[in-house]
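In: build me a model from this:
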Amino acid sequence: MLKKVGAVAAFAALASVLVATTAWGSAKAPARASAAAAKTIKCGKTVTIGIAYPATGPAASLGAPQFDWASYAKKRWNKSHKLKIKLVVGDTKLGDSPGLAVPVAHSFGSNGKMLAVVGPAGSQEVQDSIGIYKKAGLVAVSGSATRIFLTRAKTGNPRETPKGYFFRTVPNDGQQGDAVASWIHNKLKFKHVYIIDDEEAYSQGLANQVAADLAKFGVTAGRNHISQQQQDFSSVVTAIPANTQLVYIPWQLPGQAQTFYNQLHAAGRHAKIMGSDGTDAPGTFQPNGNGYVSGFPVDFTSSVLKSFMKAHNHQPETFGIPSYTATLVAATAISKACKAGHGKTTRAAVRKRVPKVKLSAKAGLLGFGIQFLNKNKATYQGPGDMGGTANFAIYQITSGGSYKRVG
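Out: Model (predicted):
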C-alpha cells in the first residue's frame, strides 16, 4: 500500500546546484554541443549524468520523487562501484508556459563532461528537446515520458524521436490505455465515461488510446479539454452529463487534478474520478475513497525500497522509482563504455551500450526486468521501449488517502 508522499521537500536548498536555464541568445550553443558530441572524455574517478526534471513549477510534486530516487541510485551506485557518478540538475519547470526543457537541453549538450541524461520527465518535453540531444550526441533515458509515438510510428503519426537517442524505463501509453480501459469495462463495468485531456501531447495521446479501447468494448466516452494553466473548471463540470459514472483525467499536474476534483465534488457531482501516472502523487491527488490512478507497478517487498522509505520519512515516493532505474541504466552503460575504452569514452559509445543494458526485476524495483526493444513489437512498442512483461498497475485511492493496488 502506498502512503502519503512528502513530495516537495527543501528544494530551495537545490537552487545553488540547478543548471542555469537561460535561453541561448545566439547560435553558439549548437556549435558547443557539436564539439561536445565528438569529444573523447577521460572517465577518471567520476563521470557526469544530467537529470532533466521539474524541480520547481506546477509539476514539482512529481519532480521531487524523481530527484530523490535518482539521488538514491547515485548513492547506491557510488557505494558499490569504483567509477563514481555525479548528477547535474536541470530544472525543466514542466507545466509552466513556456517550460525550460529546451534551454536545459542546450546546457546539457554543451557540458563537455556529460555522458548521458536521465529524463526529460514529460512527453512534450521529449518532443521539444530530443533534436538538441541528438545534435549533442547525448542519449536520454526517461523514467516517465510515456507517449506512444515517441518510440513507435503508426499510420499518420511518424516516430517522434530518432532511434538510439531515446529510451524509457516505463511501459508506454498503449499499454497504459489498454490497462485503464480494461479496468473500467471489466472490473468497474461502467457504461458512462467522460474523458478530459489537458491539451498536451502525453494527455491527448493517452486520452485517445483509452477512448479507442473503450469504443471496442461498446462504451462511448464523452470528451472535453482543459489547459494546464486552468484553475476554474466550473464550465467543464457543468458540461459533464448527469449520468456519468467515471471522469477520466490523464493529466500531468496532480495539483490541478485535485483542484478539479474539489470543484467537481463541490458542485454535487459524485462520479468516480480516475487519473493516470501523471497524477500518481499520494499527498497531492487525494480524491479519498472516490478515485483511481494508473501507475507504475512496484516491488514492495524490495529491501532497497524499504531502505529508501526509512531515509525519506517512511514514504515510498513511487512515481520516482523509474528514474532510479533510468539512472542505473545510464550509469551501467557509461561504466561499460569506459571499460571498453580503457578509461576513455565518448557519448556515441555510451549510446551504443544503453540498449544492451539489462537489469533484473529485483535490481530495477519495478516488478519487471529492464530490457530494451531494438525493433517494433505488437501494436504499440518500438525501439527504446520496455520489452518483457512491463505493464501498468491500477491503484484505488482509499478513504484514508492511501493508494492501494487493485489491478
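In: next, the buried residues of the helix or strand containing Ala64.
Out: Here Ala64 sits within helix 60-80, counting by DSSP states H and E. By 16 or more other C-beta atoms under 10 Å, the buried positions in helix 60-80 come out as 60-74, 76-77. Yep, even glycine has a C-beta here, placed from its N, CA and C like the rest.
In: can you count the residues close to His314?
Out: His314 has 12 neighbouring residues, counting by other C-beta atoms under 10 Å.
In: just the helices in the stretch 301-407 of the chain please.
Out: Under the criterion DSSP state H, counting those that start in this stretch, helices of the stretch 301-407 of the chain are mapped to 303-311, 321-340, 347-353, 361-364.
In: burial measure for Lys154, as a count.
Out: Based on other C-beta under 10 Å, the number of other residues close to Lys154 is 13.
In: what's near enough to touch Arg152?
Out: Counting by C-beta atoms under 8 Å, 6 or more residues apart in numbering, Arg152 touches 159, 172, 174, 376, 380-382, 385.
In: narrow these to those in strands?
Out: Among the contacts of Arg152, no member is found in strands (DSSP state E).
In: list buried residues within those residues.
Out: Buried subset of the contacts of Arg152 (neighbour count, 16+ other C-beta under 10 Å): 159, 172, 174, 380-382, 385.
In: rewinding a little: which one, of the helices of the stretch 301-407 of the chain, ends up nearest to Phe372?
Out: Closest to Phe372 of these, according to C-beta to C-beta: helix 321-340, at 8.5 Å.
In: alpha carbons of that closest one, as PDB, please.
Out: The C-alpha coordinates for helix 321-340 follow below in PDB (Å, rounded to 0.1, in the frame of the first residue of the first chain):
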ATOM      1  CA  ILE A 321      11.300   4.700  -9.000                       C
ATOM      2  CA  PRO A 322      11.600   4.600 -12.800                       C
ATOM      3  CA  SER A 323      14.100   7.500 -12.600                       C
ATOM      4  CA  TYR A 324      16.100   5.400 -10.100                       C
ATOM      5  CA  THR A 325      16.100   2.700 -12.700                       C
ATOM      6  CA  ALA A 326      16.900   5.100 -15.500                       C
ATOM      7  CA  THR A 327      19.900   6.400 -13.500                       C
ATOM      8  CA  LEU A 328      21.200   2.800 -13.100                       C
ATOM      9  CA  VAL A 329      20.800   2.200 -16.900                       C
ATOM     10  CA  ALA A 330      22.800   5.300 -17.700                       C
ATOM     11  CA  ALA A 331      25.500   4.500 -15.100                       C
ATOM     12  CA  THR A 332      25.800   0.900 -16.300                       C
ATOM     13  CA  ALA A 333      26.200   2.000 -20.000                       C
ATOM     14  CA  ILE A 334      28.800   4.600 -19.100                       C
ATOM     15  CA  SER A 335      30.700   2.100 -17.000                       C
ATOM     16  CA  LYS A 336      30.800  -0.500 -19.800                       C
ATOM     17  CA  ALA A 337      31.800   2.200 -22.300                       C
ATOM     18  CA  CYS A 338      34.600   3.400 -20.100                       C
ATOM     19  CA  LYS A 339      35.900  -0.100 -19.600                       C
ATOM     20  CA  ALA A 340      35.800  -0.800 -23.300                       C
END
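In: between that helix and helix 303-311, how many degrees?
Out: Angle of helix 321-340 versus helix 303-311, following axes from the mean of the first three to the mean of the last three C-alpha atoms, to 10 degrees, is 120 degrees.
In: buried ones in helix 321-340?
Out: Buried residues in helix 321-340, counted by 16+ other C-beta under 10 Å: 321-338.
In: check the offset of it from the chain's centre.
Out: 17 Å (C-alpha atoms, centre = their mean, to the nearest Å).
In: hmm, back to that, against which helices or strands is the helix holding Ala64 packed?
Out: Identification of packing neighbours for helix 60-80 by 3 or more C-beta pairs under 8 Å, 6 or more residues apart in numbering; DSSP states H and E yields strand 46-53, strand 84-91, helix 254-266, helix 303-311, helix 321-340.
In: and those as a markdown table, adding mean pLDDT?
Out: Compiled in a markdown table, the helices and strands packed on helix 60-80 are given as follows (pLDDT from 0 to 100):
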| stretch | mean pLDDT |
| --- | --- |
| strand 46-53 | 98 |
| strand 84-91 | 98 |
| helix 254-266 | 96 |
| helix 303-311 | 95 |
| helix 321-340 | 98 |
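In: neighbouring contacts of the lowest-mean-pLDDT helix or strand in the chain?
Out: Every helix and strand of the chain was ranked by mean pLDDT, DSSP states H and E. The lowest is helix 28-38, at a mean of 73. By C-beta under 8 Å, 6+ apart, the list of residues contacting helix 28-38 from outside reads 106, 109-112, 114, 132, 135-138, 346-348.
In: from these, which would you call buried?
Out: Neighbour-count burial (16+ other C-beta under 10 Å) applied to those gives 106, 109-111, 114, 132, 135-138, 346-347.
In: regarding Lys187, what is its secondary structure?
Out: Each residue gets one of three states, and Lys187 gets helix by DSSP: H, G, I helix; E, B strand; the rest coil.
In: neighbours around it, how many?
Out: When neighbours are defined as other C-beta under 10 Å, Lys187 has 12 of them.
In: who's in contact with the nearest residue to it once chain neighbours are set aside?
Out: Spatial nearest neighbour of Lys187, chain neighbours left out: Gly407 (6.5 Å); criterion: C-beta to C-beta, 6 or more residues apart in numbering. Taking C-beta under 8 Å, 6+ apart as the contact definition, Gly407 lies against 179, 183, 187, 393-394.
In: let me have the residues you listed in a markdown table, extended by pLDDT and distance to Phe217.
Out: A markdown table is the format used below for these (pLDDT from 0 to 100; distance: C-beta to C-beta, whole Å):
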| residue | pLDDT | distance to Phe217 |
| --- | --- | --- |
| Ala179 | 94 | 13 |
| Trp183 | 97 | 11 |
| Lys187 | 97 | 12 |
| Ala393 | 92 | 20 |
| Ile394 | 95 | 16 |
